[in-house]
Structure formats: structure tokens, C-alpha cells
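A.B. asks: Predicted structure and sequence below. I'll ask about it afterward.
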Amino acid sequence: MKLNNIILIYAVLATSILCFNSCYDEKMKWGDDPYTHPEEKDLPLELQEKISRYEALNTYTNFTLGVGIDFNLYMNDEMYRNIVNQNFDEITPGNEMKQSSLMDNNGNLNFSNVDLVIDALKTAGLTIYGHTLVWHSQQQAIYLNNLIKPTIIPGAPGESLIVNGGFETGLDGWTISYYAEAVTQSDDFFLVGAYAMKVVVGDFGGSKYNMQINSPNFPIIDKHRYEISFFIKSDVAGSVGLDFDNNATLGEAYPNVDGAELVSTSSAWSKVTYNPTTVGGTGMTATADGEIYFRLLLGAVKNCTYYIDAVEVIDLDAEAEPSFTTLFSNLRSGPVTIEKSDEEKAEIIGAAMESWISEVVGHYKDDVLAWDVVNEPMNDSGNGLKTGIGKTLNANEFYWQDYLGKDYAVNAFKRAREAGGENVKLFINDYGLESASGDKLDGLLEYVAYIEQKGGKVDGIGTQMHLNINWSDKAAIETMFQKLGASGKLIKISELDIATANSSDPESPVSPTAEQYAGQADLYQYVVDMYMKHIPEAQRYGITVWSVSDNEKEHQYWLKNDAPCLWNVDYARKHAYKGFADGLAGKDVSADFSGALDY
């Protein structure tokens, strides 16, 4: 073992491992209890010494060993970067190559930040696995929905440009950036029609941006002035603000009311108006023709429930309608909306998907030689594809299959092959394939067969394997690998981690015992053993572990307050490191150790 590695490990082991007592940032919501874990000294000294004498993980296998990483941590945290460089062959970006990261709200792609990291990874001798092209989450849904939005013809002077400003058709046209389940149509309190929008801000409040509600798009005309207004009430003293998606087209990015960025709300209905000409304002002036939307910012106050109704956007400079329209103005109550047909939407969304795949795969053709083309397509019962129909979607959710049907994956694989060339390896990836029923895996295998019958070529199948020592079924894991091995496809364990909490509540801190850590090590080894046993050597693409360590910086949004990784919060090797390495080596590596520990 390298001398500097041994010194590094013992320097970490010698450091007192303290409970984590503060929040990383306000988005993490780690709870009131500290993030805790058993100290390494709780492990028998002999086991600690054995673990310290293991080589880097990738010395124990001849297939690709990967890790899911955070690009920012890789570039800025030396300890993190060294572990990645020393132990792994390939990296999978956790978020940075997903559509919502590479594409802005107008459909423009920006590769510059990712390119810098990829250059650093290549310099370190690492390969890059692309994740992910077509998914239902972390998509640029604002851009995609704008492509298929209805054509809106502004109404007569004085009419509101906002469609469904009274929420009579639910939340049609409105999108929620976070906590979509907290926003509903309500008939509890309302001013117009029979409904309003109800927004329940819970403990996640505390910053105005923690609850963002995006209005429907509305048309603007260059140099016209506009006024935005709505009625609002709250069960306790609250506040509301407003900003724009594109601050260059309609006045200020963050318009004020009477000089205040946030407007106070109370249990009585009040009207909030931005830039009214009737009280000295000049209206917000458009600087170009186009369509935009605004955001209501309601997250500043925790545990506050809001009701919003009668939302209006008025063009203060709208010209009088031609006489024919005026004659029949009694037939119109607002803008005219022309919906696109299902066929038109399918054509538009299909072209957008193919363009996205062509551009990103083409850009990285020389750097990324394998991709998750389609991610998490199957519903959990395995009897069909996921769908967003009937759900309240978050702002970054977009279900391609709802517009393109079952062939969406066929077209995705065909386009990725065209853009990446014959040598690129293209995968379909999903979670829960190790479930006891096996239905989801069976459904995925049938879908792969369908894709290939329709002319797509699927090189491999990724099984995510987010496991838990308390309920993951070893027999079902073995059955999964038997079926995957029989598929003839390349098989990749794509996102392996093993949680320890006996709870599905991410806000409940855990403090695993040494026995639980031993169970985690055993399950890591079992997974690798079954992979090696049932996946023929020619089909072993490799194994990717999901995140490096238990450090809270890696778990802001995934398995918070748990300890699922191979290194602990201080980047020291865990018992799981030994189990995983033994699985890769196909034996107890430490059984070959002899003599005293060589410092």
C-alpha cells in the first residue's frame, strides 16, 4: 500500500469524530438533532487495521468501477477529489449533465462549466458516463411546455391577459417550482367564480424563493405598459413578492409595491397591484414583443397558508378593437386561446427531444462513450410506462412519453446512436428492479425487446440498486441478476448505495451501530458476489457507487441523515469499504495480510 495513503488514513482515524451540529445551508433541513454516527474507535482495532491496509478499490477488479460525483465538490474539495482519482475508473455526474442543468428556459444549451470539469477528469485519467438524456425529472419543462402552449390572442382593451386567473379550471397553466403538493385548487375561500388557489407553506419556508408559483405565459407588445394585480389573504401574517423569468423584457426584475420588495398579507383579502397608473405608477414597460410569465414568491414565512384569486395582467396601452370585434365583444370575456392538437404536440416535442439528444451527445462524442439514454421509464408495477397525467407536476417535471407514446424510447435510442456513433454504449436505467415480485424488471425487459423490435439498439441495462439493510431481499437480488444475465445485454449496477435507517423519513437522523455497519458491509459484498456469479464476464460493464462519502455536503437531497456510502463523514474508510473490496476481489483480501502494520 502507498505510504502516503496509510498516513492519510491514520491521520483521519486519529481525528476525533464529532457530531455534526449545524446546517450546511437552509435548503438541507437536517432537523433539530445533530447528524450523528458511531465513532471509528467503536470498530475493533484489528478490523480498523485491516481496512487501512486495503489498496484502492479499482485494484481489485478488471471491469469499470465508477462513482456518482458532484462536480463542484470534485473541483473544490481536495480530499474528495483524491478519493475519486485514486479509487475509480469512471464518473457519473449526479446532476450536471441533465437537461435542466445544461439548458435554460429558452432552450439554449451552455456546456462551458461542464467542459471545464470534464477536462479535469480526463487529465486525471477518468472516463465519463453520461447521465441522463431522457427522464421525467430535472428536465427543462418550462421551455418544453412553452413549445406546446396554446396560442393566445389578447382580448379587448382592459381585459386580463392571464388565462385561468380565477383558478376555475384547477391549476391549468400554473406551475410550481418546489413542493407542488402544497398548492391546490380550493373552494374554502374565493372572490370570483367558485375557486381560488391555496398555498400551504410549511416548515420548508424561511426564504421567499422556497415557494415559487409560475404564472401562465402572457403576450406583451414592445413599449406597451402593463399592470399586474391579484387578491390574497393568509391565515397568519405572511408576505408575497413577485419577480420575472426574463427581467429584460418587462421593467424591473423585482418590481416593488410602494417601495417594498415583499408585501404583507393578513386574514383579510387585500389587492396587490404592481405599477398601477392610478396611484402614480407608470406601468411596467415592455422592451420587446414576446411572451413571458411572472413568479409569485410565497416562501418567506413558515407555516402560513395563502389564498390567491382574481389574478390579472392588463395591457394599459391596448388599442381599441376593430368595429367588427367591438360589435361582438359581449361574446368575449378575455383572451382567445387556441390549443394545439395532440398530433401537433407530438411533432413539436419529438423534434425537441431529438434536437436535445443530437446536440448534447454530439458535443460530447469524443469524451462520453456511454450514456443513460432513457432513465426510469417503468411504473412501479411494471405493467406500463410512467405518466404525469393526473398529477400536479413540479416545474422541472416533463413526461415525454405522455406526448410521444411508447415509441419515445425507440426514437431516443435511434437518435443517440446517430449522434454518438456505433461505438457508444447506450443504456436504459431504472430503480427497484430487485423488488421481490420481479414485475418491474420483467416489464423493463419486455420494453427493451420492444425498442429493439422497432429498430432501436439497446447495449445495456442499468440497475440502480438503492438498497437498505432493513428490507432489501437477498433472494430477490440474486433472481434479478439471474434474469439480467440471461438478457445478453451489458449489465451495469448504476447507482449503488445501501441505507441504514429503518425508516422512510429523510428528516429522521440515524446513528448506525457497529452491527448495522457490519450488516451494510455484508450487503455490499453480497451484491458484488451475485453480480460476479450471475453476470457473464463479457456482459459486465461495471459497478458505480452513488456518492463517495456520508459527508452531509453529498446528501443535501438524497438519503439525508443516513450513512449509505463506503467512506464516512470525515472521508475515512468504513466497514463497508472492506465488504465491497472483498466482493470485487472475490475473497477476503485481509486473509492474505501478514506481519505488523507497515506505517
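C.D. replies: Happy to help now that I have it. Residues are numbered from 1 along each chain as shown.
A.B. asks: Output the below-cut-off pLDDT ranges for the stretch 51-200 of the chain.
C.D. replies: 152-158 (pLDDT under 70).
A.B. asks: As a check, name the ranges of all helices in it.
C.D. replies: 71-76, 78-87, 99-102, 112-123, 141-147 (DSSP state H, counting those that start in this stretch).
A.B. asks: List the buried residues in the longest one.
C.D. replies: Within helix 112-123, the residues that qualify as buried are 114, 117, 118, 121, counting by 16 or more other Cβ atoms under 10 Å. To be clear about C-beta, it is placed using only N, CA and C from the backbone, and glycine gets the same treatment.
A.B. asks: likewise the last one?
C.D. replies: Neighbour counts over helix 141-147 (16+ other Cβ under 10 Å) mark 141, 142, 143, 144, 145 as buried.
A.B. asks: Considering the buried residues of helix 112-123, which is situated nearest to residue 66?
C.D. replies: Nearest to residue 66 out of the buried residues of helix 112-123 is residue 121 (Cβ to Cβ; 11.6 Å).
A.B. asks: Give me the distance between that closest one and residue 551.
C.D. replies: As judged by Cβ to Cβ, to the nearest Å, residue 121 and residue 551 stand 20 Å apart.
A.B. asks: One more: residue 480?
C.D. replies: 30 Å.
A.B. asks: Which residue of these two possesses the greater neighbour count?
C.D. replies: Each of residue 480 and residue 551 has its neighbours counted (other Cβ atoms under 10 Å); residue 480 has more, 25 against 21.
A.B. asks: Look up phi and psi at that one.
C.D. replies: Backbone torsions for residue 480, taken as degrees, to the nearest 10, come to phi -60, psi -50.
A.B. asks: pLDDT weak spots in the chain?
C.D. replies: In the chain (pLDDT under 70), the answer is 1-42, 152-158, 246-248, 276-282, 319-337, 503-509, 596-599.
A.B. asks: chain center to stretch 409-419, what's the gap?
C.D. replies: In terms of Cα atoms, centre = their mean, to the nearest Å, the centre of stretch 409-419 is found 23 Å from the chain centre.
A.B. asks: any chance you could map the helices in the stretch 301-450 of the chain?
C.D. replies: Under DSSP H, counting those that start in this stretch, the stretch 301-450 of the chain gives helices at 323-327, 342-363, 401-404, 408-420, 439-453.
A.B. asks: just these: most buried one?
C.D. replies: helix 408-420 (a mean of 22; mean count of other Cβ atoms under 10 Å).
A.B. asks: Contacts made by that helix with the rest, please.
C.D. replies: With contact meaning Cβ atoms under 8 Å, 6 or more residues apart in numbering, helix 408-420 is reached by 133-134, 350, 353-354, 357-358, 361-362, 365, 368-369, 371, 373-374, 377, 400-401, 404, 424, 426, 428, 447, 450-451, 454-458.
A.B. asks: swap the cut-off to 6 Å and go again
C.D. replies: 134, 354, 357-358, 361-362, 365, 373-374, 400-401, 426, 451, 454, 456-457 (Cβ atoms under 6 Å, 6 or more residues apart in numbering).
A.B. asks: Pull the lengthiest strand in the chain out as CSV, backbone CA atoms only.
C.D. replies: Scanning the chain for the longest strand, with DSSP state E as the assignment, gives strand 304-315. Only the C-alpha atoms of strand 304-315 are listed here, as CSV (Å, rounded to 0.1, in the frame of the first residue of the first chain):
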residue,chain,number,x,y,z
CYS,A,304,-48.5,30.1,6.6
THR,A,305,-51.5,29.3,4.3
TYR,A,306,-52.4,31.6,1.5
TYR,A,307,-55.4,32.0,-0.8
ILE,A,308,-55.0,33.8,-4.1
ASP,A,309,-57.7,34.8,-6.6
ALA,A,310,-58.5,37.2,-9.4
VAL,A,311,-55.0,37.4,-10.9
GLU,A,312,-54.9,39.9,-13.8
VAL,A,313,-52.4,41.3,-16.2
ILE,A,314,-53.7,44.4,-18.0
ASP,A,315,-52.2,45.9,-21.2
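A.B. asks: Packing partners of that strand?
C.D. replies: strand 196-201, strand 225-234 (3 or more Cβ pairs under 6 Å, 6 or more residues apart in numbering; DSSP states H and E).
A.B. asks: Quick check: can you name the pairing partners of the first one and their directions?
C.D. replies: Partners of strand 196-201 in the sheet, by DSSP bridges, are strand 183-186 (antiparallel), strand 304-315 (antiparallel).
A.B. asks: Compute the inter-axis angle for the helix or strand harbouring residue 481 and helix 439-453.
C.D. replies: Following DSSP states H and E, the helix or strand that holds residue 481 is helix 474-486. Calculated by axes from the mean of the first three to the mean of the last three Cα atoms, to 10 degrees, helix 474-486 forms an angle of 10 degrees with helix 439-453.
A.B. asks: now for helix 474-486, which elements pack on it?
C.D. replies: Packed next to helix 474-486, using 3+ Cβ pairs under 6 Å, 6+ apart, are helix 514-534.
A.B. asks: Tell me the helix or strand right after the helix it packs on.
C.D. replies: strand 540-546.
A.B. asks: pull the CA atoms of the helix or strand just after that following strand into PDB?
C.D. replies: Next along the chain after strand 540-546, taking DSSP H and E as the criterion, comes helix 575-585. Extracted C-alpha coordinates of helix 575-585, given in PDB (Å, rounded to 0.1, in the frame of the first residue of the first chain):
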ATOM      1  CA  HIS A 575     -16.500  -1.400   7.300                       C
ATOM      2  CA  ALA A 576     -18.400  -1.200   4.000                       C
ATOM      3  CA  TYR A 577     -15.200  -0.500   2.200                       C
ATOM      4  CA  LYS A 578     -13.800  -3.900   3.200                       C
ATOM      5  CA  GLY A 579     -17.000  -5.700   2.200                       C
ATOM      6  CA  PHE A 580     -17.200  -4.000  -1.200                       C
ATOM      7  CA  ALA A 581     -13.500  -4.600  -1.900                       C
ATOM      8  CA  ASP A 582     -13.800  -8.300  -0.800                       C
ATOM      9  CA  GLY A 583     -16.700  -8.700  -3.200                       C
ATOM     10  CA  LEU A 584     -14.600  -7.200  -6.100                       C
ATOM     11  CA  ALA A 585     -11.600  -9.400  -5.300                       C
END
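A.B. asks: what's helix 575-585 in contact with?
C.D. replies: 51, 54, 57, 60-61, 517-518, 520-522, 524-525, 528-529, 566, 588-589.
A.B. asks: next one: stretch 73-87
C.D. replies: Contacts with stretch 73-87, where a contact means Cβ under 6 Å, 6+ apart, come from 56, 57, 58, 69, 124, 548, 571.
A.B. asks: Distance to residue 236 and neighbour count added to those, as a markdown table?
C.D. replies: Formatted as a markdown table, the contacts of stretch 73-87 follow (distance: Cβ to Cβ, whole Å; neighbours: other Cβ atoms under 10 Å):
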| residue | distance to residue 236 | neighbour count |
| --- | --- | --- |
| 56 | 55 | 16 |
| 57 | 53 | 23 |
| 58 | 56 | 19 |
| 69 | 42 | 25 |
| 124 | 53 | 15 |
| 548 | 42 | 26 |
| 571 | 44 | 18 |
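A.B. asks: Which member of the residues you listed is positioned nearest residue 223?
C.D. replies: Nearest to residue 223 among these, with distances taken as Cβ to Cβ, is residue 69, at 48.6 Å.
A.B. asks: excluding its backbone neighbours, what's nearest that closest one?
C.D. replies: Closest residue in space to residue 69, ignoring its immediate chain neighbours: residue 91 at 5.0 Å, by Cβ to Cβ, 6 or more residues apart in numbering.
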